[in-house]
Structure formats: C-alpha cells, structure tokens
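**Q** pasted the sequence and its predicted model underneath.
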Amino acid sequence: MAELVASWPAPLLYCLGALWLGLVAATIAVAVIARRGASSGAELVARTQTWWWIVVPVTAALLLGATATAILFAVVSFLALREYLSIIPVRQVDRTAILLAYLTVPLQYWFVHDDWYGMFVIFIPVYAAAAIAFRLVLAGEVKGFIRSAGTLQWGLFLTVYNLSHVAFLMQLDMAAPLPAGGAGQLLFLLVVVQLNDVAQFVWGKLFGRHPIAPHVSPKKTVEGFAGGVVTSMAVAALLSPWLTPFGPVEAAVVGAGLAFLGFVGDVTVSAVKRDLGIKDAGAILPGHGGILDRLDSLVFAAPIFLHYVRYYYGA
C-alpha cells in the first residue's frame, strides 16, 4: 500500500483535491439554496448528491490504477448497455444476440486491461459485429433483421466500444512522461467534458435565447453552447500543465474540440430518446436520469481524444 501511495503523482493529487473542494463548495451552496426554499432546490440537491456517487468511485479508480479503472468502466458500460437494451424495441429471437452483446463487455475491457491495442480497436467493430449479425441470421427471422442488427451494434458502439476508450487512456505508451501519468489524461478528459455539460446548462439558463436543435433538444441554445466552449477552453488551458502534454494554446483548442464532441454526443443520445418517445434513458442517477444521460457527452469525445493523444504524443 505504501508503494501505491508513493506512486501517486503530485499533480494528480492536487487536481483531485481541487475537484473535491469544488464539489464540497457546490454542496454547501446548493444546501443554502434549498434551505431558502427555492423551487429548484430539491432537484439541485439530488444532482449534487449524485455527483458524489460519481466522483468517489472515479477518484478511487484513478488512485488504484489501470486495473481498477478498467473494472469501473466495465461496470459502467454494462449498466449503460443494459439501460440501452431496456429502452429499445427487441424481438423474441434477438435474445441470444443480446447475450453475445453482453459478453463483449468483459472481453473488450480485458483487452483494455491487457493493453492489447490491436484487438481493443477492432474487436467490437469487426468480430463482435460479425458474430451478432451471424446469430441474427441463424435465428431465421428476416422481418426486422436490419433494425435488430443496427440497434444492437449501434448500442455496442455507444455504450461499450466508445466508452472503453476512457479506460484505455490509462494504458497509452507515451513518447515522454506525463505530469500525472495516464490517470491525468483521463481526469482531464472527464473534467473538461463534464464541466462543459454544466457550463452549457448554466450559460443557457442565464443567456439562452436561440435554440440550436429545437426538434431534438429544445433546451440547448446557441448561447449555452458558446458559453460551454469558452468555459471548456479556459478549463483545459488551466489544467493542461498539470495533467497533459499540451501547451496552453493547444489545450484550449482541444478543450473546444471536446466541448463540440460532447455536444454531438449529447444531442445524438437525445435524438435516440426522442425517437423512442422517452425523456430519460433511466433513473439510476437521481437528478440526472440514467447512465446514458450522464455519459452521453463522452461517447464521441473519448475515442477521438484518445486517438489524438496517441497519434501526436504516443511512443
């Protein structure tokens, strides 16, 4: 245990400490607002309490290392996949294919844990996709085949393949040592993307006038999106010397890219929910909805961020 503690990079501890202090401050502020009887007080309390349920396990996983992080995100992917499969229409003959979809979770994260990049990258897009399609063919029911194959494979991409890129950040071989190791890059991604969500919500509440995608997500506004991008750029530039190999200008550009990709993920999952006629993907996270409602902004940001870092800074 002493060796593990000694291995924790100081920049990582400083940034985690700042994150916890920020969450403590937010908890106190929300408690004051709720005590004053604000109409949104109960929802804010629920949202803040849920953030604790998110931050605590993420902090523990980052400090315990790559294996713990892979296990945590494997559980998250399993829950997200289960949530997704609970809201989409499926046929009786799809049950075995659904079982195959669930089996991809431990396999994909084993490749993450084993640092097997080649299989990590192609397993779900090639092998799992072929296995699921073939199983659906063997079921012999052609009515609804395209819908079943498409929805299952789309769900695997969103909930397992794309999210597994978050955990693989812990395994990247870098050309030069990072200030806080792989955990620092992972923390950078999570903080920038999740703060972008919060910033878009706040800026939209304060200044939102022009809907950006009214038929998909009516509460998303141009002003909220712009505020989120600016906030993400500032946060990314501030965190970059502690957590990443980026200079401040590059970090700001990366922050803008993550904000945009987070928005794309958000409205994509919103489109899925609109198509299905539901408001939230689940109810496991009070004040937020389901796993997909909280992590939708990562589904495109995570893979593109990982491959950007690997291409420009990998060994």
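**A** Good, I have the coordinates.
**Q** list the contacts for Arg274?
**A** His215, Val216 (C-beta atoms under 8 Å, 6 or more residues apart in numbering). Where you see a C-beta, it was placed from the backbone N, CA and C, and this is true even at glycine.
**Q** Leu72 against Leu62, yeah?
**A** No: applying C-beta atoms under 8 Å as the test, Leu72 and Leu62 come out as separate, 9.2 Å apart.
**Q** tell me which of those two has more neighbours.
**A** The neighbour comparison of Leu72 against Leu62 (other C-beta atoms under 10 Å) goes to Leu62, with 25 against 19.
**Q** show me what contacts that one?
**A** Leu12, Leu16, Thr69, Ala183, Leu186, Leu187.
**Q** show me those residues that map onto strands.
**A** Among these, no member falls in strands (criterion: DSSP state E).
**Q** among these, which two are most distant?
**A** Taking C-beta to C-beta, the two most distant members of these are Leu16 and Thr69; they sit 13.7 Å apart.
**Q** the more surrounded of these two?
**A** Neighbours per residue, other C-beta under 10 Å: of Leu16 and Thr69, the larger number sits with Thr69, 27 against 21.
**Q** spit out the contact partners of that one.
**A** Ala61, Leu62, Ala167, Met170, Ala183, Leu186.
**Q** again, but for Phe246
**A** So Phe246 contacts Ala236, Ser240, Val254 (C-beta under 8 Å, 6+ apart).
**Q** for these, give me TSV that also has distance to Val76, secondary structure and neighbour count.
**A** What follows is these, written out as TSV (distance: C-beta to C-beta, whole Å; DSSP: H, G, I helix; E, B strand; the rest coil; neighbours: other C-beta atoms under 10 Å):
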residue	distance to Val76	secondary structure	neighbour count
Ala236	23	helix	29
Ser240	26	helix	23
Val254	23	helix	23
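**Q** what about the helices in the stretch 151-300 of the chain?
**A** 162-168, 181-207, 222-243, 248-276, 291-295 (DSSP state H, counting those that start in this stretch).
**Q** could you check the angle helix 222-243 makes with the fourth one?
**A** An angle of 130 degrees separates the directions of helix 248-276 and helix 222-243 when computed by axes from the mean of the first three to the mean of the last three C-alpha atoms, to 10 degrees.
**Q** pull out the buried positions in helix 248-276.
**A** Residues of helix 248-276 classed as buried: 251-252, 254-270, 272-273 (neighbour count, 16 or more other C-beta atoms under 10 Å).
**Q** swap in the third one?
**A** Of the residues in helix 222-243, those with enough neighbours to count as buried (16+ other C-beta under 10 Å) are 223-233, 235-240, 242-243.
**Q** and that helix, how far out from the chain middle?
**A** Remark: helix 222-243 is offset 17 Å from the chain centroid, using C-alpha atoms, centre = their mean, to the nearest Å.
**Q** quick one: list the elements packing against it.
**A** helix 10-35, helix 181-207, helix 248-276 (3 or more C-beta pairs under 8 Å, 6 or more residues apart in numbering; DSSP states H and E).
**Q** ok, now with 6 Å
**A** Contacting helix 222-243 under the criterion 3 or more C-beta pairs under 6 Å, 6 or more residues apart in numbering; DSSP states H and E are the following elements: helix 181-207, helix 248-276.
**Q** and the angle for the shortest one with helix 10-35?
**A** The one in question is helix 181-207. 30 degrees.
**Q** then the longest one?
**A** Orientation of helix 248-276 against helix 10-35 (the same axes, to 10 degrees) gives an angle of 50 degrees.
**Q** give me the average confidence score over helix 248-276.
**A** Helix 248-276 comes out with an average pLDDT of 93.
**Q** and if you look at stretch 76-84?
**A** 95.
**Q** how about the CA coordinates for it, as CSV?
**A** Included here for stretch 76-84 are C-alpha records, laid out as CSV according to Å, rounded to 0.1, in the frame of the first residue of the first chain:
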residue,chain,number,x,y,z
VAL,A,76,-20.4,1.4,-16.3
SER,A,77,-20.5,0.0,-19.8
PHE,A,78,-22.5,-3.0,-18.6
LEU,A,79,-25.1,-0.7,-16.9
ALA,A,80,-25.2,1.6,-19.9
LEU,A,81,-25.7,-1.3,-22.3
ARG,A,82,-28.4,-2.8,-20.1
GLU,A,83,-30.1,0.6,-19.9
TYR,A,84,-29.9,1.0,-23.7
